[in-house]
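Asker: A predicted structure for the sequence below; I have some questions about it.
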Amino acid sequence: MADPAADRARYDRATAHLDAPLAVVDLDAFDANADDLVRRARGKPVRVASKSVRCRALLERVLAREGFAGIMAFTLAESLWLARSGFEDVLLAYPSADRDRFAELTGDPKLAAAVTVMVDDPAQLDLIDASRGGTEEVRVCLELDTSLWLLGGRVRVGARRSPLRAPEQLAELARSVARRPGFRLVGVMAYEGHVAGVGDAVAGRPLRSCAIRLMQSAAKRELVVRRAEAVRRVREVAPDLEFVNGGGTGSVQHTAAEDAVTEIAAGSGLFVPRLFDHYTSFRGRPAALFAQPVVRRPGIGVVTVLGGGYPASGAPGADRLPQPYLPEGLRYDPQEGPGEVQTPLLGGPADDLLIGDKVWFRHAKAGEMCERFDALHLVRGDRVTDTVPTYRGEGRTFL
């Protein structure tokens with residue numbers, strides 16, 4: 001088990017020559033988390049979700065490890081940039097309306113061979129055709145809606161993603177792609193976010209945790225049947241289907257057990273942000289942290305750090321805020337919370353902090369931390385072994 005006091009001492013020593021604000025990735029933790037994802041994937045390749053990493057050097061690092069293959073990107077512009085950078089298997093996980101980038105994709109054989117785009121509506125095929133800048137064949141993946149419907153569909157649990165829920169709906173779009181010149185159906189994706197991205201061991205909420213586990217158990221039972229049937233029907237249309245992608249960090253081992261699934265998607269499990277602390281199925285090591293400097297000592301039991309107001313995406317709530325992590329025992333002032341320019345922190349450890357000391361935070365979601373920092377300092381033990389740019393540091397802010 002990690003020793004928080006020892007970790008804080010290591011990070012402070014490693015970055016003693018660096019001024020905060022700064023961000024670090026603990027390579028020992030990162031590599032251990034990567035090994036755990038591979039173990040849980042049970043021999044199926046893990047496709048890395050780039051939105052949860054947002055650093056080319058770390059994408060290269062993890063893809064060099066056995067058990068990882070391919071990238072799951074979040075915008076078409078990012079997909080093309082990664083393909084031009086040498087990544088040869090990029091799945092765009094979300095539909096795009098970027099006409100200029102579709103013109104680039106269809107006009108460049110290297111890009112067209114490396115990038116697969118997501119489709120769940122014939123209108124998206126129309127948009128691509130209207131945007132063509134060349135005659136290259138477009139690789140297509142279809143997305144199946146995985147949400148759990150209860151009470152005859154009156155209650156829905158899960159993200160509102162694809163409109164394709166029934167296996168026959170997916171098969172019908174597969175037939176549309178097969179009939180359409182200039183497109184080739186190569187994959188199916190079904191991301192069960194209500195299982196993979198929702199912790200089932202909420203601290204201090206035993207009844208809620210039990211309800212989540214019951215929901216997830218029902219969702220997994222329903223989806224394993226529906227996903228298998230959807231894949232069977234699509235394979236009748238496209239016998240040479242290259243992949244069926246499913247899962248996420250919180251459901252790796254469950255999804256990997258399904259015969260219909262050929263690869264697993266995961267990314268947050270590499271950094272293990274605070275939203276992934278509360279799962280019964282796995283335990284990761286926090287690998288990505290950021291530090292803010294103490295700039296004020298307003299009174300007993302209070303320090304103020306610079307900045308820190310970095311909320312994560314999703315439904316607003318306290319769980320979307322960064323966590324004051326090291327030293328242990330600090331908390332936000334409920335009247336202020338984390339601020340745009342300064343953040344007061346309360347608690348006994350504040351009295352031991354001096355002006356210029358670092359307070360270490362964990363972001364709520366993985367890659368979003370990298371939108372705040374130009375560089376990641378890679379720490380091994382108590383040394384910074386390298387400093388690498390984030391997407392932002394390379395001048396790339398895709399969303």
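Answerer: Received the coordinates, thanks. Numbering: from 1, shown residues only.
Asker: which residues in the stretch 151-300 of the chain form strands?
Answerer: Ranges of strands in the stretch 151-300 of the chain, per DSSP state E, counting those that start in this stretch, are 155-157, 183-190, 243-246, 263-266, 288-299.
Asker: Could you verify my assumption that A34 touches L59?
Answerer: No. With contact defined as Cβ atoms under 8 Å, A34 does not reach L59; the gap is 11.6 Å. All C-beta spots, glycine's among them, are computed from the backbone N, C-alpha and C.
Asker: Have a look at those two and say which one is more surrounded.
Answerer: A34 (23 against 20; other Cβ atoms under 10 Å).
Asker: quick one: the strand or helix carrying that one to strand 288-299, angle?
Answerer: Element membership for A34 (DSSP states H and E) is helix 27-41. Taking axes from the mean of the first three to the mean of the last three Cα atoms, to 10 degrees, helix 27-41 and strand 288-299 form an angle of 130 degrees between their directions.
Asker: The helix or strand just after helix 27-41: partners in the sheet, and parallel or antiparallel?
Answerer: Per DSSP H and E, the first helix or strand lying C-terminal to helix 27-41 is strand 46-49. Strand 46-49 pairs in its sheet with strand 68-73 (parallel), strand 263-266 (parallel), by DSSP bridges.
Asker: Point out the most buried one among those.
Answerer: Sort the strands paired with strand 46-49 by mean neighbour count, taking mean count of other Cβ atoms under 10 Å, and strand 263-266 sits at the top with a mean of 27.
Asker: Restricting to C-alpha, output that one in CSV.
Answerer: Output of strand 263-266 as CSV, limited to C-alpha atoms (Å, rounded to 0.1, in the frame of the first residue of the first chain):
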residue,chain,number,x,y,z
GLU,A,263,-10.8,-5.6,-27.5
ILE,A,264,-11.2,-3.4,-24.4
ALA,A,265,-11.1,0.3,-24.2
ALA,A,266,-9.4,2.0,-21.2
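Asker: who touches K44 in this structure?
Answerer: Residues in contact with K44 (Cβ atoms under 8 Å, 6 or more residues apart in numbering) are 256, 261-264.
Asker: scratch that, D200
Answerer: 209, 212-213, 216, 278-281.
Asker: and it, backbone torsions?
Answerer: phi -110, psi 20 (degrees, to the nearest 10).
Asker: Lowest-confidence one in the contacts of K44?
Answerer: In terms of pLDDT, the weakest of the contacts of K44 is A256, which scores 93.
Asker: ok, back up a step: looking at the contacts of D200, spot the one nearest G269.
Answerer: Closest approach between these and G269, by Cβ to Cβ: Y279, at 9.9 Å.
Asker: isn't the closest one right up against G197?
Answerer: No. Between Y279 and G197 there is no contact under Cβ under 8 Å: 10.1 Å.
Asker: Return every residue with contacts to both of the two.
Answerer: Common neighbours of Y279 and G197 (Cβ under 8 Å, 6+ apart) are G250.
Asker: quick one on the thing from earlier: can you redo the contacts of K44 as CSV with distance to A64?
Answerer: Output for those, formatted as CSV (distance: Cβ to Cβ, whole Å):
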residue, distance to A64
A256, 21
V261, 24
T262, 21
E263, 17
I264, 18
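Asker: Please report how far V359 lies from R156.
Answerer: 40 Å (Cβ to Cβ, to the nearest Å).
Asker: circling back to that earlier point, buried subset of the contacts of D200 as a PyMOL selection?
Answerer: Buried subset of those, written as a PyMOL selection, criterion 16 or more other Cβ atoms under 10 Å:
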select buried, resi 209+212+216+278+279+281
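Asker: hmm, back to that, out of V359 and R156, which sits in the more crowded spot?
Answerer: V359 (25 against 14).
Asker: Am I right that that one is in contact with F290?
Answerer: No. Counting by Cβ under 8 Å, V359 does not reach F290; the two are 9.7 Å apart.
Asker: what's the lowest-mean-pLDDT helix or strand in the chain in contact with?
Answerer: Lowest on mean pLDDT, DSSP states H and E among the helices and strands of the chain sits helix 193-196, with a mean of 75. For helix 193-196, the surrounding residues in contact (Cβ under 8 Å, 6+ apart) are 146-148, 157-159, 161, 215-216, 219-220, 247-252, 254-255.
Asker: Buried subset of the residues you listed, written for PyMOL?
Answerer: Under the burial definition 16+ other Cβ under 10 Å, those of these that qualify are selected in PyMOL by:
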select buried, resi 146+147+148+157+158+161+215+216+219+220+247+248+249+250+251+252+254+255
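Asker: Filter the contacts of helix 193-196 down to the ones in helices?
Answerer: 215-216, 219-220, 252, 254-255 (DSSP state H).
Asker: of all those, which comes closest to R296?
Answerer: Nearest to R296 among the ones in helices among the contacts of helix 193-196, with distances taken as Cβ to Cβ, is V252, at 43.4 Å.
Asker: Helices of the stretch 101-250 of the chain, residue ranges please.
Answerer: 109-114, 122-131, 167-179, 193-196, 206-237 (DSSP state H, counting those that start in this stretch).
Asker: what's the least confident stretch among these?
Answerer: Across these, helix 193-196 gives the lowest mean pLDDT, at a mean of 75.
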